[in-house]
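Q: I would like to see how this sequence folds:
(chains A, B and C)
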Amino acid sequence: MKRTVQESGVSHQRRAVIERDAVQALIDALGAEGYAVIGPRRRDGAIVYDPLTDAADLPWGWIDEQEGGRYRLHRDDRGAAFGHVVGPQSWKKYLYPPRQTLWTGRREGGGFTVETPQGPPPRYAFLGVRGCELAAIAVQDRVFGVVRHDGRSVGQQQYTDSGYAARRAAAFIVAVNCGRAAGTCFCDSIGTGPQAGPGYDLCLTELIGDGRHEFLVEAGSDRGAVLLDRLPARHAEGADLEAAAAVTEAARAGMGRRMEPDVAGLLARNLEHPRWDEVAGRCLSCANCTMVCPTCFCTTVEDTTDLTGDHVERWRRWDSCFTVDFSYIHGGSIRQGGASRYRQWMTHKLSSWYEQFGTSGCTGCGRCITWCPVGIDITEEARAIRASEGGASDGAD
Amino acid sequence: MVQIEGLGRLLAEHPFFRDMPDDVREIVVGCCANAHYRPGEFLFKEGGPADHFYLIRQGEVAVEVHAPGRSEGVVVENIGEGEIIGWSWLVPPYRWTFDARAADQVRAITIDAACLRRKIEGNHELGYELYKRFIPVMGRRISESRLRIVELTTEPGE
Amino acid sequence: MDGVFLNPDPAAVDPMVPRPFRIERRLREVDGCFTLHLKAVDGRPLPYKPGQFNMLYVFGVGEVAISISGDCRDLNTLVHTVREVGTVTRAMAKLKPGDCIGVRGPFGNPWPVEEAYGNDILFVTGTIGLAPLRPLVYEVLNRRDRFGKVVLCYGSRGTHDILYEPLLHQWRGRFDMQVHVTVHSAHAGYRGRVGSVANLVKIARFDPEQTTAYVCRSETMTRPAVQALHDRGVTSDRIYVTLERNMKCGVGFCGHCQMGGSFMCKDGPVYRYADIERIFTVREL
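A: You can find the predicted model right below:
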């Protein structure tokens, strides 16, 4: 039963329009397929990604105001389910959880045995994946060796993270085209949004106005098409497509920020630059940017033992290049100063990521700007370095 | 005279003097002598008058410090064929700061420091040509010594 | 899609899971160093190439990256020379023959050997740097007729901490290998050289135009070693160096060992110097 959707392969209707109320039908259809539906909910003053069973759990009528170091939710009359943009969490919370058991070990005789966690991976349906987030998942697909890429050296990851690969392969993705940009958004200049790119099973565009509240639903995969077929829907007209285009256009027009073009080369030739010291004067090394970043993947391991010392567990947990001991080797840490740690993060994200994975590590979601307690802005840092080269960019072209 | 011609040839063959203009090098020949040291024999001792410097033609010389309470000195560097040893003769008060001892059979040309200092005073071009050769040697040895300090500080050992 | 999903093979070895190996022998090396000879408990050997490393795990204590120091043609015995510097290596030092440790690996980019065919070979190393280099020396000697001169330049602090001293003597006795050993200081009457490794590079006999050099020193001492090679006319494209970062996962997932665009655990620890020259001198990178 669980496999029927993936295996059907029949050609289906690729586009349709559903009513506001049919979102419940979508959640139910996903649940019927055995997916645990995860989507945006309002909790603790923010939009977070939590399990959903009821369409009413979606943050209808809530939008987010975001600026450097600032995030607030407000009521909005339009009543959109996806009027907010992105919050502090990203889907890596589910695809690459903050804490994972790698294995457990038991002392036996003169030696020991090791066991890895068994069992099928969770089957998640992600509801409300934005263009920048879809791009971020595609980036992590490269990082964890599930998608080939043309990054340098060995050309791709030699190994595949089996846990990520299993969760990823099982995940059903319902994307959403953004109709609004936050003040910290810059996906347009990175090329990842506001329209969701390839990689989704279904993609929603929320159409509100003239008394209607509907969703244009587009299928991006066979299993998406099969699911769409089960929803109460009407045929998508040309006018619906135009309305949808206007939605993303509005988001594009409201884009709060933009990234410098050719930033990879810019940073690569400015590894020694006074700006690194300048930003280090503001950076608190709190690691927030790495925690909220949807592509940051660094982890460390922790070994725990029970009181007898005969049972051990190895845990993997998210780590951050902003900690001093991140680069510790016997004798001391490589990156002692805040300047070198900020440089590591920013150049990795925007420059050396290309060498490693053949793509940018930044998808323009703006979380690192919003959640930085002092509002350090990665786009502004890039602009400052560009300006020092005499090629100042006014941000208008 | 045969002796001098022989020394002139040896001087010209030694890497330290090899590329010096012939006419300048000829001035030095008069201050030179041949020397031979048996293993264990001192070329000079710390605190003694720096009245010579040495072009090593064959064998190895150990630069040592005497360590009271130890039966033997501590070797800190050895200097071999084609190299020179001794630059305290250039710097007042012209006293050696280390011991130098033959590690095996050593053949060298010794150059009389007083003789050479006198000639340099009378011929600054000679002085220039000599300093041009001494300073890189001194620089290299200082820099190597510093690197060894770095190594002792940064690389594992006992 | 610009790529395809790779189906993880469920039967494939999980690179994150250590395999138990039993300690067959434990050798005392110079002070603070010991060598373990290991055998897989399941009998399955662990093939590797010179320059690669393993993650060694002490049960209940933790894991550490250690280069392999044996002869890669001897698949029955895995050899690691370890220096006691941290919690894990100190716990490892207390293990005895018969005890087990966990091994993950091999990881990392090995020293290239075939590329040096026809060339003179120059090894430049010091103190415990000889340990990661030893598999390569063995391999070069295994294929001795492929190379011109083979020269080893090694330096240590004193006469008491020359790693693998009997082996160095043995190599020195070969007619087809130059072995130069230097120490920082020695007792009077010491018959060997006293001075820097850079000095050894200066006196070694090889053809700089056709030499491949392998440098295995601390990062700080790699710079002067490379300088000495440049002074002799060996160009950066024929110099290989090893570097060290905080290798934790070994497979490029955890991010700790990055230097610029490379993950030292899989793109290194061996690098062609020409490839990293630009970023090598950037501090705290």
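Q: would you map the helices across chain C?
A: C:87-93, C:130-142, C:165-172, C:197-203, C:219-232, C:273-280 (DSSP state H).
Q: against residue A:321, how distant is the residue of chain A found nearest chain B?
A: At 7.6 Å from chain B, residue A:331 is the closest residue in chain A, using C-beta to the nearest C-beta. Bear in mind the C-beta positions are built from the backbone N, C-alpha and C, glycine included. Distance, residue A:331 to residue A:321, using C-beta to C-beta, to the nearest Å: 19 Å.
Q: what parts of the stretch 101-250 of chain C come near chain B?
A: C:126-129, C:155-158, C:160-161, C:184-191, C:193-196, C:198-199, C:203, C:217-218, C:220-221, C:224 (C-beta under 8 Å from any C-beta of the partner chain).
Q: which among the residues you listed count as buried?
A: Buried subset of these (neighbour count, 16 or more other C-beta atoms under 10 Å in any protein chain shown): C:126-129, C:155-158, C:161, C:184-186, C:188, C:190, C:193-196, C:198-199, C:203, C:217-218, C:221, C:224.
Q: residues touching residue 116, list them.
A: With no chain named, the answer covers chain A. Neighbouring residues of residue A:116 by C-beta atoms under 8 Å, 6 or more residues apart in numbering or on different chains: A:102-103, C:14, C:17.
Q: looking at chain C here, not the other one
A: Taking C-beta under 8 Å, 6+ apart, we find residue C:116 in contact with C:140, C:147, C:212.
Q: spatially nearest residue to the first one, not counting backbone neighbours?
A: When the adjacent residues along the chain are set aside, residue C:140 lies closest to residue C:121, with 5.5 Å between them (C-beta to C-beta, 6 or more residues apart in numbering or on different chains).
Q: then residue A:214?
A: Leaving aside its sequence neighbours, residue A:214 sits nearest to residue A:207 (C-beta to C-beta, 6+ apart; 4.8 Å).
Q: could you say which helix or strand holds the one you found?
A: strand A:202-209 (DSSP states H and E).
Q: please apply the same query to residue A:384.
A: In this assignment (DSSP H and E), residue A:384 forms part of helix A:378-388.
Q: for residue A:348, what are phi and psi?
A: In terms of degrees, to the nearest 10, the main-chain angles of residue A:348 are phi -60, psi -50.
Q: that one contacts residue A:322, doesn't it?
A: No. Checked against C-beta atoms under 8 Å, the pair residue A:348 and residue A:322 is beyond contact range at 11.6 Å.
Q: got the contact list for the helix or strand harbouring residue A:113?
A: Taking DSSP H and E as the criterion, residue A:113 maps to strand A:111-115. With contacts defined as C-beta under 8 Å, 6+ apart, strand A:111-115 is touched by A:103-106, C:17-20, C:22, C:41, C:59, C:100, C:102.
Q: narrow the residues you listed to just the buried residues.
A: By 16+ other C-beta under 10 Å, the contacts of strand A:111-115 give A:103-105, C:17-20, C:22, C:41, C:59, C:100, C:102 as buried.
Q: out of these, who's nearest chain B?
A: Taking C-beta to the nearest C-beta as the measure, chain B lies nearest residue C:102 of the buried ones among the contacts of strand A:111-115, at 24.3 Å.
Q: now do the same contact list for that closest one.
A: Going by C-beta under 8 Å, 6+ apart, residue C:102 touches A:105, A:112, A:114, C:18-21, C:56-59, C:63.
Q: give me the beta-bridge partners of it?
A: residue C:20, residue C:57 (DSSP bridges).
Q: per-residue pLDDT, it?
A: Residue C:102 carries a pLDDT score of 96 in this model.
Q: residues contacting the strand holding residue A:207, please?
A: For strand A:202-209, contacts defined as C-beta under 8 Å, 6+ apart pick out A:17, A:26, A:78-83, A:128, A:173-177, A:179, A:196, A:213-220, A:224, A:227-228, A:240, A:243-244, A:247-248.
Q: farthest pair in the contacts of strand A:111-115?
A: The span of the contacts of strand A:111-115, defined through C-beta to C-beta, is set by A:104 and C:22 at 21.0 Å.
Q: please, which helix or strand holds the residue in chain A positioned nearest to chain C?
A: Among all residues of chain A, residue A:355 sits closest to chain C, at 2.9 Å; criterion: C-beta to the nearest C-beta. Using DSSP H and E, residue A:355 sits in helix A:353-357.
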